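Peer 1: Coordinates only, no sequence provided:
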Ligand code: HEM
């Protein structure tokens, strides 16, 4: 019989052995990925992950040096792949989408408050939800949302004007653009008035608590609680705030669903918002295809998460680019003045806003250079063979949207430059395939909200450029928060003046 001391010693030795095997032996000598070229690990704890997530240049250098399939190391030296290889991208996005899953460790415990709505569902469940939800995102439905985009954009315009009238010209726009897109998605998503541009709102505050970048401790708790859910019950400040916010989101979304359910029982819902449309579609489906109330509730947070910061980030970067390129800003304004001579009566239809050629070029060029989603991340659910490499099941694979969008092989020698007119060059655009321009992903997991997002982005940007001139402050250094998504630092300010006529 082993005594207690020996048992403890063996256990400790076991854990140490397991840790050494997993961080030093398996990644470098046993994993099939050891044969894939890539940079050496930079640290036992971070591998290359920290560099990868905080700087853009290293990934370009790795791709140049090692090719289109690069192995790098994630935390604790876990090997992962960075890919720009069209065959793998095709397999992930188009041919065998469901052989790849969204990595839980990246999502943290977001699933506990978002649930497995369209964004995080997998396999047949995802297929069913997407089939059911696609009709809500038709052009006909989005056309009806345009007046809402315009109305909320007017509120932002008035707010900026008030600031300028009171003598402010150096204005931090990031929080306002974030609020404007939250107000819009609340209205067009589920007919909910956040009104955060002009007031405080409990649900908006709860949402922002859940979405704010966590501290290192918060990040660790989020990841661990996927495996050990009790961790979220430990009464420390991070958990208390998180659980309180989660309770508010859950209560409010339950109330919204109960209200819509009741109205739906009484007849067809009349609202133009996505949730009302989903309720109406749901009623027409055979029982086995219908969404449950819980699934419908999950779509509320899904719309918020997927449709809010993405659009505000894109709008911010468009303003940033235009403030650095005054000629392009002037050209866009000329186009807008011609289309909407009376700026106080700016009320575009969907077709009018989409007919503006230069605006379209600016939007595409912004999404190319500053795609809000910089990677498409997956974990392989099956072993795969690509060329000479065996990619085992459970490998993390990052499709680098950023590297593809800035590749000189695809976009030519000016790939890293802002040149909206490139989109008018047929010799270039004929070579752009759905795997070389990926701001919305492609295939069955592509963004369901892309048409909505583009219309919203165009209306908001047009409103701002039609009414104001934007200049970046002298010497301002614009930081992205991380390269994992391209959110800007919230302290960035623009020098803004009014367009008089
Ligand atoms: C400029 C704005 C936007 C960008 C750049 C964007 C980008 C993306 C990308 C890259 C994906 C794929 C993620 C992946 O495969 O891992 C995605 C998925 C998704 N997006 Fe968007 N998005 C935007 C706006 C919106 C809006 C406004 C909504 C909703 C109203 C929305 C709803 C969704 C949903 C539900 C998914 C999951 C689709 C699925 O898995 O089938 N997005 N988006």
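Peer 2: Cool, got the structure. Here the structure is a predicted model, which is why all the values come from computation and not from measurement.
Peer 1: and residue 495, what helix or strand is that in?
Peer 2: strand 493-498 (DSSP states H and E).
Peer 1: ok so residue 120 is a helix residue?
Peer 2: No - counting by DSSP: H, G, I helix; E, B strand; the rest coil, residue 120 falls outside a helix, being coil.
Peer 1: Distance of the residue nearest to it when sequence neighbours are not counted relative to residue 222?
Peer 2: Closest residue to residue 120 apart from its sequence neighbours, by CB to CB, 6 or more residues apart in numbering: residue 111 at 5.6 Å. C-beta here means a position set from N, CA and C on the backbone, and glycine is covered the same way. Between residue 111 and residue 222 the computed distance is 10 Å (CB to CB, to the nearest Å).
Peer 1: biggest helix in this protein by residues?
Peer 2: Among the elements of the chain assigned as helix by DSSP state H, the one spanning the most residues is helix 237-265.
Peer 1: Tell me the helices and strands packed up against the next helix or strand after that helix.
Peer 2: Sequence order places helix 274-284 as the next helix or strand after helix 237-265, per DSSP H and E. Using 3 or more CB pairs under 8 Å, 6 or more residues apart in numbering; DSSP states H and E as the contact criterion, the elements in contact with helix 274-284 are helix 123-133, helix 174-190, helix 237-265, helix 293-307.
Peer 1: which one of those is the most hemmed in?
Peer 2: Using mean count of other CB atoms under 10 Å, the stretch among those with the greatest mean number of neighbours is helix 174-190 (a mean of 24).
Peer 1: Quick check: next helix or strand after it?
Peer 2: As the chain continues past helix 174-190, the following element, by DSSP H and E, is helix 202-211.
Peer 1: Which positions within that following helix qualify as buried?
Peer 2: Of all the residues in helix 202-211, those buried under the rule 16 or more other CB atoms under 10 Å are 203-204, 206-208, 210-211.
Peer 1: Return the list of helices and strands in contact with the one helix or strand residue 367 maps to.
Peer 2: Element membership for residue 367, per DSSP H and E: helix 357-369. Counting contacts by 3+ CB pairs under 8 Å, 6+ apart, helix 357-369 is packed against helix 309-324, helix 326-339, helix 450-467.
Peer 1: Now mean neighbour count too, for those, in TSV please.
Peer 2: Formatted as TSV, the helices and strands packed on helix 357-369 follow (neighbours: other CB atoms under 10 Å):
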stretch	mean neighbour count
helix 309-324	24
helix 326-339	16
helix 450-467	23
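Peer 1: gap between the residue nearest to residue 113 when sequence neighbours are not counted and residue 308?
Peer 2: Across the structure, with CB to CB, 6+ apart as the measure, the residue nearest residue 113 apart from its sequence neighbours is residue 246 (4.8 Å). Distance, residue 246 to residue 308, by CB to CB: 17 Å.
Peer 1: try residue 3
Peer 2: Using CB to CB, we find residue 3 at a distance of 59 Å from residue 308.
Peer 1: Now do the contacts for the residue nearest to residue 113.
Peer 2: When contacts are counted by CB atoms under 8 Å, 6 or more residues apart in numbering, residue 246 is found next to 112-113, 206, 210.
Peer 1: how far away is it from residue 292?
Peer 2: As judged by CB to CB, residue 246 and residue 292 stand 20 Å apart.
Peer 1: in which helix or strand would I find the residue nearest to residue 456 when sequence neighbours are not counted?
Peer 2: In space, not counting the residues next to it along the chain, residue 456 is nearest to residue 149; the distance is 4.9 Å by CB to CB, 6+ apart. Assignment of secondary structure by DSSP H and E places residue 149 within helix 139-165.
Peer 1: and the angle from that helix to helix 450-467?
Peer 2: 30 degrees (axes from the mean of the first three to the mean of the last three CA atoms, to 10 degrees).
Peer 1: Direction included, what does the next helix or strand after helix 139-165 pair up with?
Peer 2: Per DSSP H and E, helix 139-165 leads on to strand 170-172 as the next helix or strand towards the C-terminus. Sheet pairing here is set by DSSP bridges, and for strand 170-172 it gives strand 493-498 (antiparallel).
Peer 1: Now do the buried residues in the strand it pairs with.
Peer 2: By neighbour count on 16+ other CB under 10 Å, the buried set for strand 493-498 is 494, 496.
Peer 1: How far does that strand sit from its chain's centre?
Peer 2: In terms of CA atoms, centre = their mean, to the nearest Å, the centre of strand 493-498 is found 27 Å from the chain centre.
Peer 1: which residues make contact with that strand from outside it?
Peer 2: By CB under 8 Å, 6+ apart, the list of residues contacting strand 493-498 from outside reads 160-161, 164, 169-173, 319, 323, 467-473, 476.
Peer 1: just checking: which of the residues you listed also lie near the ligand?
Peer 2: The subset of these within reach of the ligand, by CB under 6 Å from any ligand atom, is empty.
Peer 1: Cool, thanks, talk later.
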